[in-house]
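J.: Need the 3D shape of this:
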Amino acid sequence: MALKVTQVKGLAGTKPKHRENMKTLGLRRIRHSVVLQDTPAVRGMIHAVRHLVTVEEVAGE
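T.: Residues are numbered from 1 along each chain as shown. Model (predicted):
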């Protein structure tokens with residue numbers, strides 16, 4: 001199982017830790033999407049920035 005994560009809000013005014021999580025997830029700008037493996041570590045990072053992203057499950061990968 002994989003997760004498609006899309007950034008929907010900008011990082012201006014966010015906490016430095018949130019910016020680091022977004023960078024680690026591979027998100028660079030609004031409407032940028034990445035497909036990541038569904039692991040507990042990735043889920044934790046997504047949970048920390050859940051107000052900045054949308055998440056969809058992707059079958060296959």
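J.: Three-state assignment for the residue nearest to residue 8 when sequence neighbours are not counted, please.
T.: In space, residue 8 comes closest to residue 54 once its chain neighbours are excluded; the distance is 5.4 Å by C-beta to C-beta, 6 or more residues apart in numbering. The way it works is simple: take the backbone N, C-alpha and C, and place the C-beta from them, glycine included. Counting by DSSP: H, G, I helix; E, B strand; the rest coil, the backbone at residue 54 sits in strand.
J.: right, and residue 54 touches residue 9 too?
T.: No - using C-beta atoms under 8 Å, residue 54 is not in contact with residue 9; the gap is 9.8 Å.
J.: just checking, residue 5 touches residue 53?
T.: Yes - at 5.3 Å, residue 5 and residue 53 qualify as touching, with contact defined as C-beta under 8 Å.
J.: Settle it for me: which of the two has more neighbours?
T.: Using other C-beta atoms under 10 Å, the more surrounded residue of residue 5 and residue 53 is residue 5, with 23 against 19.
J.: Can you give me the distance of the more buried one to residue 38?
T.: Taking C-beta to C-beta, to the nearest Å as the measure, residue 5 falls 11 Å from residue 38.
J.: same deal with residue 21?
T.: For residue 21, the distance to residue 38 - C-beta to C-beta - is 16 Å.
J.: Looking at the two, which one has more neighbours?
T.: For residue 21 versus residue 38, neighbours defined as other C-beta under 10 Å are more numerous around residue 21 (20 against 14).
J.: per-residue confidence at that one?
T.: We have a pLDDT of 97 for residue 21.
J.: Correct me if wrong, but it is in a helix.
T.: Yes - looking at residue 21 with three-state DSSP, it is inside a helix.
J.: So what does residue 13 have for phi and psi?
T.: Phi and psi for residue 13, reported as degrees, to the nearest 10, are phi 80, psi 0.
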